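1. sequence below, structure please.
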Amino acid sequence: MPRLRMPAKSQQQSGLAVSQPMMSTTRFAATANSNTCAAGKKNPMAETLPKNITSKVVLAPAGSGKTEKLSDRYIELLKAGVKPERILTITFTRKAAAEMKERILKRLQEKNPKLHAEIRNNILKLRIMTIDSFCLALVRRFAPDLGLDPRIEVIEDPSDIWNRAKYDTLMQIAEKEAGSKDYETLMELVSGRRAQGWPSLAKEYDYYFANNTSIIRGRLAPIHEEQVQILANELRNQPLGPKRIPNYSDLFPSEWTMATYNHIANLLEQHRLTYLTKKSAPRKPKGKEELGTWCARMADYRARILTVRDYNAFLRKFGLFKERFLTAYRRAKKQAGLVDFRDLEFDALSLLTENDDWQNILRAFDEHTDHLLVDEFQDTSFLQWAIVNKLTEEWRAGAGAKTDLGINPTIFLVGDDKQSIYFFRGAKVEVFARARNELKTWLRQGQLEEESPKDNFRSLDAIIDFNNTLFPQLMGAKGDDPAWRTRYIPFERRRKNDNPGIVEILLSPTNARMAERRTDEAKFIARRIRSLEGSFTIYDTNPDYTETGRTCQFSDIAILLRQRTHLHHYEEALRNADVPFIVVGGIGFWSEPEVGHVLALLRFLVDPADDLSLYATLRGPLFNVPEQELFFTNQQDGQSFLDRVRQQAEKSKTLKQPVRRLENWLSQVYHQPLTHILETALEHTHAWSTFWEPQCRANIRKLLQLVEDAELNGDHPLRIIGSLGKENQTPESKAAVPTEGRNAVQIMTIHGAKGLQFPVVFLPGLDLPRSGKRNNPETIIEERNENEVWVSHITDKATRALNEFHREYLEKEREEHKRLLYVACTRPRDALFLTGTWIPRRKDTWLEWLEHYLGLKQKDSAFSLGIDITGINVRTPEQIPALTARTAPAPKKRPKAIYTDRIEPEPAPHIESVTRNVRLDYHRYSDDLIGRGEIIHRLLEQISNGLSPEPKTLKPQLLRLLRLHGLARADTDKHVKHILKQIQGLKNNPEIWQIIAPRPDARAELPIMFSDSSTVWSGRIDRIIETENEIRIYDYKTFPVREQEIQTLASEYHQAQLCHYAAAIGNMKPGKEVSTYLIFTALPKIIPTGQSGQKLATRRT
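-> Coordinates of the predicted model:
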């Protein structure tokens, strides 16, 4: 669920204040407070509350007025005489809480002005808050019982404290605890086959930390070792085994230890192709049923053995994290007087269940609360339901003070299980069904009402019919299915509009790669949007619920993305089609170009030795220094890039002003706030005229605010630049851009659109596969109930496929994928456009579901559906009208001022990095070989810059680099020997060594950046030599290769890397021939590749 920081609530408002000192009690006695009565007198509330107001569960589908039902219930209680301070309403975001208050006040003003005035004058008594806010009030009120300071604060982003605790713990173990058990475990994990050094282990620990509250409650998922031994006994006597596996009986020991499991795992891996296919599925020989059964049993046996082995290895990693790293974080947090949002619910439940004074805590709540309302209940976790459950325990039991006073407390839960799309954040869709069943069991007959409305007040017929046809088949859970399976109840239209509306499926047949498919799709979406604007009719609802038509504007249209991976394709297509748009919310802040440019300047100002940041600043939009100018700086003397730039500036007018400004800003660091320096730089370089789009401006403002906050916190500038841009650790949302009053298409994620509606919705990516970064993960951490969290870690994919817990987890993800499609398809009012490309492989895509359940099929170049519903059709891009010039006024000249309301987008180039290794290298070569190659590159660069190639000089550098790349372990000597052997082989080849050795006409690791018509390319050239008429580019390839592979690899590397290097140098040095070469260092051998860069550059232009 969303985690937003809540302002502190008063104890009275949160329902936790107590009017007199707490006393130990075993029963909830009726104590004197504002709503209690003298002994023998009946509470007047019991007389005014109508009998028909009972506890209620509302399962309300999208468009049925779910939020209105909760506000109606609130108003119903107010009209019955219930005071607002005795009603607690729980939501899950601050925005939802604010909207709920606003909606209640608005409806009261319309229907009961007198009551509205009364509530308005007592607005602070409305207890509408988030679950986090409620738990924070509870934790603060009883902080001493938790060993916490009552003034405790909530930290919004705990990553800084976590990173410090992680680093301090690492240093403590590595430097001060050598020889200890934890030291040995850490060294084993860092040097292990899969960890690939500390960075990889730290990344795993970051994932555990993101689930740290679950980790505290977590235990390993059951693995049933006894079943392993039973299966071993069965297979030991199987006569087919000895015929196929030598020493077959060794696979089934009589005694079981961890060493035994490891040994058997190795034996089973040696013979895996005997009973498994190359895809790790059990073999199924035709006509040999008994052999097929044996293969299946052996596959099961292998999976169970590997599971036990992995669990044992994982225990050490998991234990070290929990006992040392997580403990250090929690200790640091406690010392700082902080809690994070993950703590609040866990600590709140601990108070209610484990604290010695739990009865007094419940009494504090009970004295001030008679009615509990929970919105969006489908997004609840087991932990959150456990809190609600405990708070209302006596209400349901019909015991305690309220019963004695004749008060009838109620619970109201509202939500839609089909809109539960936060499984990845801990929301459990099955909690809704469980809560409903438990309330049925606990409450007496007539005390619980259930409502499942079918009304849909949002969409027109075509959209409703589409959903009613697709989702009953897709969400076809049966009665005995688990509660996390999704069930669908058909809608009925309630809008006063007989226009059918539109559902249009837009498909382009193709077999192209992903990037090309997304580019094509984005283009025809942009064309379709342009064809709708000003011509398509949408409808506004009048106060009497009749509807009035008007022409569609850009602001009526939303594009809903499953994820933001391909966002840049849609942005570029909309720009090119002259369609204004705004990207709403979402993560990806650190990867935005404008943030990167300002961050590069900041990093250089704080650390002038940061050559790469200086290079990026000079080449970027602040100065736009040509690449050719920076190339000449490499011909100057100087230890640093800054020194060489200063010298070149004495000869170059182009560099003179940038250097003068940089020197001025550098002199202000440590004397002026960094924010002030950055704002001055943006003003003086007129950078705001480049960053004029609303999202760009907002992102830069957000970055400046982050810097200012860090400065006010007293952080050193070096610490500030170290903490910013942690895109691999803490995803940061983009700055919010207001959409009101802007005639622009809105682009957002489906998750961001939940709870919203739009006249027209585009849903791209029908052909995208479901799989993502966390799909079929090795490690699973899942809440099973309020008391249990299961943790499982299985490295082998085939074994995960046979593990019941992992299989169920993947099925739950698949169910959520269905619900995500449901949420998207229920956002539009008048028109829904589903788009994608028709590809041969459609398995596990939304396209597959349309094909299977709606009869979508291709015939020649057209498509058809197996259903005939008015308003639903399939089209291809060729059927969309061609773009015509817009008749809108020509855009004004782009202003240089900071503040501007322009939203028309500007085409922006796509940025590509030419990396040292091409994508296939990561499939062809092991991590060790790739890491070793990085080290060889570093050594060759240092040798070219003057480092002696003698082994006694190289070895200390080599050992340091091995440690940095996580390769310093048991086989360190092997790596050292191999690398030194390669260097010696290069020395023995005069033709190659004269290229590598220091020389005045050459440069090593030269950074380049250049652009063609659509793309900005950046990278580094390993070695470049310039003569009077020619420039020669050399790229080192350190992997072991065979002679017969060389020509194929040379062509591949030229296409992926060297052609871009040649084009860059050709643009910088017109008139000179540019030649490209590969040096295979393991052979060693030098190979010419491709054509001259000069010709290539001309062709690309």
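
2. between its first and last residues, what's the separation in stretch 369-376?
-> End-to-end span of stretch 369-376 (CA to CA, to the nearest Å): 20 Å.

3. contact partners of it?
-> Residues outside stretch 369-376 that contact it (CB atoms under 8 Å, 6 or more residues apart in numbering): 15, 35, 45, 67, 70, 73-74, 77, 82, 86-92, 96, 100, 380, 388, 391-392, 402, 407, 409-415. All C-beta atoms are positioned from the backbone trio N, CA, C, and that covers glycine.

4. quick one: the strands in the stretch 951-1100 of the chain?
-> Assigned by DSSP state E, counting those that start in this stretch, the stretch 951-1100 of the chain shows strands spanning 1002-1011, 1015-1026, 1030-1037, 1073-1080, 1085-1089.

5. out of the contacts of stretch 369-376, list just those in strands.
-> Among the contacts of stretch 369-376, the members found in strands (DSSP state E) are Ile87, Leu88, Thr89, Ile90, Thr91, Thr410, Ile411, Phe412, Leu413, Val414, Gly415.

6. any idea what the third one is bridged to?
-> The bridge-partner assignment for Thr89, based on DSSP bridges, gives Ile128, Leu373.

7. contacts only, for it.
-> With contacts taken as CB under 8 Å, 6+ apart, Thr89 has the following neighbours: Leu70, Tyr74, Ala97, Met100, Arg127, Ile128, Met129, Leu372, Leu373, Val374, Asp375.

8. in contact with Leu947, which residues?
-> Each residue near Leu947 by CB under 8 Å, 6+ apart is listed here: Leu939, Thr953, Leu954, Gln957.

9. 7 Å - rerun?
-> The contact partners of Leu947, by CB atoms under 7 Å, 6 or more residues apart in numbering, come to Thr953.

10. once you drop chain neighbours, what's closest to Val745?
-> Phe581 (4.3 Å; CB to CB, 6 or more residues apart in numbering).

11. got it, and Gly337?
-> Of all residues not flanking Gly337 in the chain, Asp149 sits nearest, at 4.9 Å (CB to CB, 6+ apart).

12. check Trp846 too.
-> Leu766 (4.8 Å).

13. helix/strand/coil for that neighbour?
-> Secondary structure, DSSP: H, G, I helix; E, B strand; the rest coil: Leu766 is coil.

14. show me where the stretch 801-950 of the chain has helices.
-> Secondary structure of the stretch 801-950 of the chain (DSSP state H, counting those that start in this stretch): helices at 804-825, 846-854, 921-924, 927-944.

15. return the member of these having the minimum mean pLDDT.
-> Least confidently modelled of those is helix 921-924, at a mean of 70 by mean pLDDT.

16. low-confidence ranges in the stretch 251-400 of the chain?
-> Counting by pLDDT under 70, the stretch 251-400 of the chain contains low-confidence residues at 396-400.

17. swap in 80 and give it another go.
-> Applying pLDDT under 80 to the stretch 251-400 of the chain flags the ranges 357-360, 363-364, 366-367, 394-400.

18. same check on the stretch 401-550 of the chain?
-> Residues of the stretch 401-550 of the chain meeting the criterion pLDDT under 80: 401-407, 444-446.

19. where do the strands sit along it?
-> Going by DSSP E, counting those that start in this stretch, the stretch 401-550 of the chain shows strands at 410-415, 448-451, 455-456, 492-493, 502-509, 537-541, 547-551.

20. mind putting the ones you listed in TSV, distance to Thr749 and mean neighbour count included?
-> Converted to TSV, the strands of the stretch 401-550 of the chain look like this (distance: least, CB to CB, whole Å; neighbours: other CB atoms under 10 Å):
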stretch	distance to Thr749	mean neighbour count
strand 410-415	20	24
strand 448-451	30	14
strand 455-456	23	19
strand 492-493	27	15
strand 502-509	20	22
strand 537-541	23	16
strand 547-551	28	12
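
21. format these as JSON lines; extra columns: distance to Ala178.
-> Below are the strands of the stretch 401-550 of the chain laid out as JSON lines (distance: least, CB to CB, whole Å):
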{"stretch": "strand 410-415", "distance to Ala178": "55"}
{"stretch": "strand 448-451", "distance to Ala178": "63"}
{"stretch": "strand 455-456", "distance to Ala178": "67"}
{"stretch": "strand 492-493", "distance to Ala178": "72"}
{"stretch": "strand 502-509", "distance to Ala178": "62"}
{"stretch": "strand 537-541", "distance to Ala178": "71"}
{"stretch": "strand 547-551", "distance to Ala178": "75"}
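
22. Trp993: which of these is closest?
-> Smallest distance to Trp993 across those (CB to CB): 53.9 Å, for strand 502-509.

23. the nearest residue to Leu291 once chain neighbours are set aside: helix or strand, and which one exactly?
-> In this structure, Leu291 finds its nearest non-sequential neighbour in Pro285, 5.2 Å apart by CB to CB, 6+ apart. Using DSSP states H and E, Pro285 sits within no helix or strand.
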